[in-house]
Every structure is written in C-alpha cells, then in structure tokens.
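Student: please find the sequence and the predicted model below.
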Amino acid sequence: MKKILVSTALLAGVLSYAGGFRVSLQGVKQLAMAHTSAHAEDASVTFFNPAGMSFIPTRLSVVAGGFGASNKVTFQNLNTLQSTETDNPIGTPFYAAITYKPIENLSVGLSVTTPFGSTIQWPDNWEGKEMVQKMELKSFYFQPMVSVKLAPWLAFGASYIYAKGKVDWDKAVTQFNGQVNINDDNASGHGYGFGFYFRPDPKLDVSIAYRSAIDMKAKNGTATFKFPSKTPYALLNLDAAGQDKFSATLPLVEEYTIGLTYKVTPKWLISADFNYHGWERYSKLTLDFEKAPLAPNNPGDPTVLVNPKNFRNSKTFRLGTQYAFTDMIYGRLGAYYDESPYSDDNFIPETPSYDTYVITGGVGFKLKQFGIDLAGGYAMPQYRDVTNASLGFYGQSKATAFYFGLGLSYNPF
C-alpha cells in the first residue's frame, strides 16, 4: 500500500486546520493600515493586545466586522507544461468584541475571531488529486480578557483563549479508484495571551503582546472511504460504512508582536509592527488511527503515523498610516511583508504558502458615537519552484489574493 494513500495528505490537511497559515483579518481599521496593532480607539484592539482596553477613550465599546477574501492558486508541471488553477469560493472571516470599564483602572472584554481557515478547491482529476481535491477549514477563537491600568501611561492585560475548529477534506484514492473524506468538527484547545500597552507621551503608543501556542486536540475524527466495491474495506480494517476513527494533537503556533503608533501631527499618524511566529513547533505530527494500518513503515504500531515537517519560524513586517481629512473622515494606507513558514522543498498544495507582499488601504467615518470603516488589500505572493521530493511533487506555483472588509464600532459612553 502506498504511504501517500492517506498519510501525507491527511497530515497536511490537518496541519492546515491547526494553523498552517495565519489569516491577518481581525480588524477592518487595522487591515487598512497593514494590520498594525497599536490602535486603542475601540474594542478592536482586544485581539491584538488585551492591555489596549485600558486606553480606549470610552467606558463601553462594541465592534463587529467581516471580510471577503478571494484567492487563486496555480500549479504548473514543468515537464508536461500542464497548468492547473484552483476554483476557491470567497472566504468570510469575521470578528466581534466588547469592552467595559466597571471602574476607572479596570477593563474587561470579550473577543471572537476567526484567525485560521479557508477553502481551497482543485479540479477533481488534477495531478495532485491524491493530496487534495477540496479542503474546507474553519477555526474560532473565544477570548475573555482583563486589563489593569498600572499607571496613567502603562497597562497590563491578559486573556484566556478557547479555540474550536473544523476540517472537511476530500482527496482521491487512485489505488482503489475511490475517494476519502476526512472530517472533524469538534477539535478544541486552550491557550492564553498577555501584553503591555504604553503611552509614555500623548503622541506615542507602544504595544507588546504574546499569544501562546495551542494544542488542538482532535479526539474522534472520521475518515470515510468510497470505493466502487467494498473489497478494500478488509485491507484497511474499515467498518461496514467504510469508516475509521483517528485522533491527533495539532499544535497552533505562538506569536510575538511589537507595535507602535506615532502621531506626527494631530491629523497624521504612522504605525509599524513586527510579528514573530514560532512555526518550528511543527517538527512532526503524530496521527493515531483506530484500526487502519496507514503507517506500514512503523513496525511498532502501523496505525500510528509519525510524519516529519520541516517548518521554520517566520516574521512579518508591517507599516501603515492614517490621515484625518476632517473630524469625521479618515484615510488609511499600509504595506507589509509576510514570510512563508516553509521552503520550496516542503511545499504542499493543501496549504500553499508564499513569501508575500501586501498593500492595503481604506477609509473611516466617525459619526458621533458610531464608526464605519472600509478596507481592502491586494496580495502579491512570490512564485515558488516546487521541489517536494517526499511527495514527488515538482513544478512552479503562483497565487493571487485580495481582501475587502466592512467594520462597525459603537462607543456610547
């Protein structure tokens, strides 16, 4: 039985579900300024740094927003010159948050975001169909938090993170002229975040934040096989429905962020961020199947599959700006560079990743206690020479992507 039957593609699919890429779409105002973090005007700061709640100018703040994310990925085999393009639906990440100051130096809040997830859809009969045909990924972060103002210029904040996720993934099983669906909608994990927010001068905001790694536990996932006949069921130890269970512990990486915002003039500010992502946690991933012997090279237990992954730590550099045309209308621009967490020889079509330049922009409108923000971004991923020998996958890959978002805020008192 070829190892690629389920193992390699399942690993990549679940890995993506666990955070094989980071979706920087947690604030519309922030996206317009390159998704920078040192902005404490409303509750949208909560995802980036819970300490920023202490510097929101009102006791109560409520925000909500959503995005449309469109991307296409192209792979070309350089030997046959055959080119394949994905047909991905538009992704719809969202966020919502609320903060409240019960007393002067104490703030509490709740943030709900979708920092990981997408859908990628390749043609059913493309050359990488044994790795992926379609994969839908979703994740949700629920973060209650608290912030204490330690001094007029300094606050500390901390959050608890409950993560919930789902994967629904299809691939071909050409050895038996069939298909397998991998599904788990009950994976969960726990983590935390904390940060310091400084305002040493009315012109300067500094945000330092940490978000912990999270071990997402998939305890009862299901692999469902479909074949022209039931003959392979016995070979794979499947039940009468063609199914087997699996479990895995799936690591989501930690993230460090340093951000600052400087008000050059009362109308003009500049923001910058540096993000560091600890992708080296993905040295390996272990999948434990209930009965299916999908790891024939593991003599101890062929149902336990251990796959090495050569991910590396990555960095993101962000620069944004805002100009107040009037007390009601704000213009915003930004740009950032995001490193891929793996090299060309580890490229996987389930979670295609590229070194990417992104330009962003948007406008904001403030109507007394209400705010309306619009933003967009255009990504320019750098093409990759794909040389993944372990998958036998060679060629070139490129991608395009753009984002747009609408955000609302309400600061009543």
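Tutor: Right, received. Where do you want to start? Residues are numbered from 1 along each chain as shown.
Student: for residue 152, which residues are in contact?
Tutor: In this structure, residue 152 makes contact with residue 199, judged by C-beta atoms under 8 Å, 6 or more residues apart in numbering. No exception for glycine: its C-beta is placed from N, CA and C like everyone else's.
Student: residue farthest from the centroid of the chain?
Tutor: Ranked by distance from the centre of the chain (C-alpha atoms, centre = their mean), the top residue is residue 231, with 39.7 Å.
Student: quick check: phi and psi at it.
Tutor: Main-chain torsions, residue 231, degrees, to the nearest 10: phi -60, psi -40.
Student: does residue 154 have beta-bridge partners, and which?
Tutor: Assessed by DSSP bridges, residue 154 has beta-bridge partners residue 151, residue 198.
Student: and the pLDDT for it?
Tutor: For residue 154, the model assigns a pLDDT of 98.
Student: before we move on, what about the one 5 residues further on?
Tutor: At residue 159 the predicted local distance difference test score is 98.
Student: run through the bridge partners of it.
Tutor: Beta-bridge partners, per DSSP bridges, of residue 159: residue 145, residue 193.
Student: any idea how far residue 148 lies from residue 179?
Tutor: Per C-beta to C-beta, to the nearest Å, residue 148 is found 54 Å from residue 179.
Student: ditto for residue 237
Tutor: 18 Å.
Student: comparing the two, which shows the higher neighbour count?
Tutor: Per other C-beta atoms under 10 Å, whichever of residue 237 and residue 179 has more neighbours is residue 179, with 17 against 14.
Student: once you drop chain neighbours, what's closest to that one?
Tutor: Closest residue in space to residue 179, ignoring its immediate chain neighbours: residue 226 at 5.0 Å, by C-beta to C-beta, 6 or more residues apart in numbering.
Student: now do residue 54
Tutor: Excluding the flanking residues, the one nearest residue 54 by C-beta to C-beta, 6+ apart is residue 155, at 3.5 Å.
Student: count the neighbours of that neighbour for me.
Tutor: For residue 155, the number of neighbouring residues by other C-beta under 10 Å comes to 25.
Student: quick one: the helices in the stretch 151-300 of the chain?
Tutor: In the stretch 151-300 of the chain, helices defined by DSSP state H, counting those that start in this stretch lie at 231-235, listed in chain order.
Student: got phi/psi on residue 28?
Tutor: Dihedral angles for residue 28 - degrees, to the nearest 10 - are phi -70, psi -50.
Student: could I get the contacting residues of it?
Tutor: 44, 65, 67, 362, 373-375, 405-407.
Student: and residue 271, how far is that from residue 327?
Tutor: Residue 271 is 20 Å from residue 327, by C-beta to C-beta.
Student: the two: which is more packed in?
Tutor: Neighbours were counted for residue 271 and for residue 327 using other C-beta under 10 Å; residue 271 has more, 25 against 8.
Student: apart from its neighbours in sequence, what residue is nearest that one?
Tutor: Nearest residue to residue 271, sequence neighbours excluded (C-beta to C-beta, 6+ apart): residue 36, at 3.9 Å.
Student: what sits up against stretch 314-333?
Tutor: Contacts to stretch 314-333, defined as C-beta under 8 Å, 6+ apart, come from residues 24, 29, 32-36, 259, 266-277, 279, 334-341, 359-367, 375.
Student: buried ones from the residues you listed, can you make that a ChimeraX selection?
Tutor: The ChimeraX command for the buried members of the contacts of stretch 314-333 (criterion: 16 or more other C-beta atoms under 10 Å) is given here:
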select :24,29,32,33,34,35,36,259,269,271,272,273,275,276,277,279,334,335,336,338,339,340,341,360,361,362,364,366,375
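Student: count of neighbours near residue 405?
Tutor: Applying other C-beta under 10 Å, we find 26 residues neighbouring residue 405.
Student: okay, and it sits in which element?
Tutor: Assigned by DSSP states H and E, residue 405 belongs to strand 393-410.
Student: buried residues of that strand, list them for me.
Tutor: Under the neighbour-count criterion of 16+ other C-beta under 10 Å, strand 393-410 has 393-395, 397-399, 401, 403-405, 407-410 buried.
Student: also stretch 279-299?
Tutor: Those buried within stretch 279-299 under the rule 16+ other C-beta under 10 Å are 279, 281-282, 285, 287-290, 292-295.
Student: what mean pLDDT does that stretch have?
Tutor: If you average the pLDDT values across stretch 279-299, you get 78.
Student: endpoints of it, how far apart?
Tutor: Terminal residues of stretch 279-299 lie 29 Å apart, using C-alpha to C-alpha, to the nearest Å.
Student: format the buried residues of stretch 279-299 as a markdown table; extra columns: distance to residue 123.
Tutor: Below are those laid out as a markdown table (distance: C-beta to C-beta, whole Å):
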| residue | distance to residue 123 |
| --- | --- |
| 279 | 29 |
| 281 | 33 |
| 282 | 28 |
| 285 | 27 |
| 287 | 27 |
| 288 | 32 |
| 289 | 28 |
| 290 | 32 |
| 292 | 27 |
| 293 | 30 |
| 294 | 25 |
| 295 | 29 |
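Student: take the residues you listed and keep only those in strands.
Tutor: Of the positions in the buried residues of stretch 279-299, 285, 287-289 sit in strands, assigned by DSSP state E.
Student: list just the nearest of those residues to residue 346.
Tutor: Residue 346 has its nearest neighbour among those in residue 285, at 13.1 Å by C-beta to C-beta.
Student: on that earlier part again, note down every partner strand of the strand holding residue 405 and its orientation.
Tutor: strand 60-76 (antiparallel), strand 370-381 (antiparallel), strand 384-388 (antiparallel).
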